[in-house]
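In: Everything below, folded, please.
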Amino acid sequence: MDEAELRRLLHSIGSQIRDIDLQNIKYLCSDKVEAGQLQQTESAMDLFILLLNRDIIGTSNLVFLEDVLDKSGRKDLVSRIKSSGRDMASEGPVISSESTTSGSRQDNIKYRVFLNQLCDELTRQNIESLKFLVSVPAAIGQGMKSGHQLFDYLEKRGIIGQSDLSFLAENFTFIHRKDLSKKVEEFSKRQSDPSPVPPISRLTISDRERNTPEPTGAQEHSEHTGALPIRPAPLLTPQYFTRTIINLPPNAPPIIPIESRPRFPVQCGDDIPPLDQEDDMPSYDMRHRPRGYALIISNEKFSGIRNLQDRIGTEKDVNNLKTLWEKLHFEVVIKRNKTTSEMYEIAREFSAKDHSSFDCFVCCLMSHGIHGGIYGIDSEVLELGQITSQFKGSACPSLLNKPKLFFIQACRGTEFDHGTQADAVRNSEEDAMRHSAEPNEGHFLLGYATPPGYVSWRSTEHGSWYISKLCEVFGKYCDAYDVTSMMVKVNDEVSEAYTKKGYKQCPAPVVTLRKRIYLNNN
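Out: Okay, the predicted model is just below:
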């Protein structure tokens, strides 16, 4: 690659780097470029010039740039560099832990990478809380919007450093981010321990049980060596939230799914945290932009022998969902009025796509339905399991261990919960497919508009109750709360609504996620 080709490549890459990417990259470069110089760089081009002038990157060496782009979550740009036809094995400065730099330089690189990872985990509310606890002056705090700026301030005042992160460990716990506090403690322990420590411990499954299918809701392993994860409170089933509907006694204990307990023997250390210790759940990586596809399938006009009514008002739901998912950095794709076979082929099409540069997949289905199925505009039923199964790890490897979020606005029966009836259809086929609707593996969230057996409601003017409140709650609380917490708020909001005849509705999410999902901008 000659100088002209290098300049064209850097220009192409720089044009796709956003402000948040530039902040991440500059932070990871802080051990190679002076802070004052980095502060003056206002664009990716400025930064590339600095790196070129210091011979950190060059015509035969872009390894360092690849590495910082990778650690900033821009694997798409790394692929762009690799596809330029260079031999990527050329020697040069690298930011990875395998670098041949000195021990102190290597430790500093690990430290910078770790702080950058913490920045990605901090919500806006977390940053404001830490600013208050450290008494950041108002004039300085006004412009302090990111974790990078906060950590830079703490370092300059000697509050944190490579050998002392106790302030973060203590105050993360105080603001109820014990998951981050634990990560800080583990990082500090690894830095002080000269012996190599694997970053993630695995519970060892006996050979006899290696082929045992993984139970739904299996708990995520903790990231600290020799310990079981703190056992979280099990998720309540949809029936618990709708106990009054199915005539359970009001004082009945919560129904806890048996799948929340491991079914296979494990070998582990003796350091088991107390059961009453606060739950520490990690979160999914959500750094990529776009975060993934948000597929919206909306059926409004129907034909066929069932005489299904047109779903007037669904276009309002489509517009609300489009606005929401675009705000949350998803690539929105809308499909309208599809037959059963067309919906199935759309699912296959998106399953076959490469999601390796994305963090998540969202699918919103809106139509008439029965429990376990959804209608195409030809009035034929498509089992929901035929859609969700396309996105399991075995069918879509690029979404393996990534969250898949499905939101279904459709009835699941014909019963009323004491306002135009939205999407109910009586059908004898529903019993046959009830047990195949939900996925039998982790990393899924199925947000049903209503519990099994009940109708959902749609306003011809304002759209469906469920989608309307879903968009309202997610848009309002996404900066502060994780997805599961927001779904509980959606349950509460929808449950407060009544039709003119006194009918109600309560959504019923099915969750096999193993981590929290945050959709904030940090």
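
In: D31 and V473, how far apart?
Out: The spacing between D31 and V473, counted by Cβ to Cβ, to the nearest Å, is 42 Å. Where C-beta positions appear, they are placed from N, C-alpha and C, glycine not excepted.

In: higher neighbour count, those two?
Out: Comparing D31 with V473 by other Cβ atoms under 10 Å, the one with more neighbours is V473, at 22 against 13.

In: confidence score at that one?
Out: Listed pLDDT for V473 reads 94.

In: Average pLDDT for the helix or strand where D179 lies, rounded please.
Out: Assigned by DSSP states H and E, D179 falls within helix 178-192. Averaging pLDDT along helix 178-192 gives 88.

In: Which strands or helices does that helix pack on?
Out: Applying 3 or more Cβ pairs under 8 Å, 6 or more residues apart in numbering; DSSP states H and E, one finds that helix 178-192 contacts helix 103-121, helix 166-174.

In: Any stretches of this structure with poor pLDDT?
Out: Scanning the chain for pLDDT under 70 picks out the ranges 1, 85-106, 156, 193-280, 411-440, 451-463, 497-506, 522.

In: can you list the domains in it?
Out: 3-84, 108-192, 292-512 (the TED database).

In: Just the endpoints, please. Distance across the longest one?
Out: The stretch domain 292-512 measures 19 Å between its terminal residues, going by Cα to Cα, to the nearest Å.

In: re the thing from before, quick one, which of the helices and strands packed on helix 178-192 is nearest to Q409?
Out: For these, the distance to Q409 is smallest for helix 103-121, at 31.8 Å, taking Cβ to Cβ.

In: Next, the buried residues of the closest one.
Out: Judged by neighbour count (16 or more other Cβ atoms under 10 Å), helix 103-121 contains these buried residues: 106, 109-121.

In: and these as CSV, adding distance to F407?
Out: Listed next are those as CSV, based on distance: Cβ to Cβ, whole Å:
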residue, distance to F407
Q106, 45
I109, 41
K110, 40
Y111, 40
R112, 38
V113, 35
F114, 35
L115, 35
N116, 32
Q117, 29
L118, 31
C119, 29
D120, 25
E121, 25
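
In: Which one, of the helices and strands packed on helix 178-192, ends up nearest to R348?
Out: When the helices and strands packed on helix 178-192 are compared (using Cβ to Cβ), the closest one is helix 103-121, at 32.6 Å.

In: one step back: in a markdown table, list the domains of the chain along with distance to Y284.
Out: Formatted as a markdown table, the domains of the chain follow (distance: least, Cβ to Cβ, whole Å):
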| stretch | distance to Y284 |
| --- | --- |
| domain 3-84 | 13 |
| domain 108-192 | 11 |
| domain 292-512 | 5 |
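
In: among those, which is the most enclosed?
Out: Here the criterion is mean neighbour count by mean count of other Cβ atoms under 10 Å, and of those the winner is domain 292-512, at a mean of 19.

In: CA atoms of the helix holding D179 as CSV?
Out: Written as CSV, here are the backbone C-alpha positions of helix 178-192 (Å, rounded to 0.1, in the frame of the first residue of the first chain):
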residue,chain,number,x,y,z
LYS,A,178,-22.3,-3.8,42.4
ASP,A,179,-21.8,-5.5,39.0
LEU,A,180,-19.2,-2.8,38.2
SER,A,181,-17.8,-2.8,41.7
LYS,A,182,-17.1,-6.5,41.3
LYS,A,183,-15.4,-5.9,38.0
VAL,A,184,-13.1,-3.3,39.6
GLU,A,185,-12.2,-5.6,42.4
GLU,A,186,-11.4,-8.5,40.0
PHE,A,187,-9.3,-6.2,37.8
SER,A,188,-7.3,-4.9,40.8
LYS,A,189,-6.8,-8.4,42.0
ARG,A,190,-5.5,-9.5,38.6
GLN,A,191,-3.2,-6.5,38.4
SER,A,192,-1.7,-7.2,41.8
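
In: Number the residues from 363 up from this point.
Out: All set: I'll call the first residue 363, so the last point we hit is now helix 540-554.

In: how far off helix 528-536 does that helix point, in degrees?
Out: If you take axes from the mean of the first three to the mean of the last three Cα atoms, to 10 degrees, helix 540-554 sits at 160 degrees to helix 528-536.

In: ok, D541 - contacts?
Out: D541 sits next to E483, D642, M643, P644, S645 when contact means Cβ atoms under 8 Å, 6 or more residues apart in numbering.

In: Against R649, how distant is the first one?
Out: In this case it means E483. For E483, the distance to R649 - Cβ to Cβ - is 10 Å.

In: what packs against the helix or strand containing N681?
Out: N681 is located in helix 676-689, with elements delineated by DSSP H and E. Judged by 3+ Cβ pairs under 8 Å, 6+ apart, helix 676-689 is in contact with strand 655-660, strand 693-698, strand 723-728, strand 825-826, helix 827-839.

In: Looking at the ones you listed, spot the one closest to M705.
Out: Of all the helices and strands packed on helix 676-689, strand 655-660 sits nearest to M705, with 6.0 Å by Cβ to Cβ.

In: Excluding chain neighbours, give the residue nearest to L400 in space.
Out: Closest residue to L400 apart from its sequence neighbours, by Cβ to Cβ, 6 or more residues apart in numbering: K388 at 4.8 Å.

In: Could you do C758 as well?
Out: Nearest to C758 is S713, by Cβ to Cβ, 6+ apart, at 4.6 Å.
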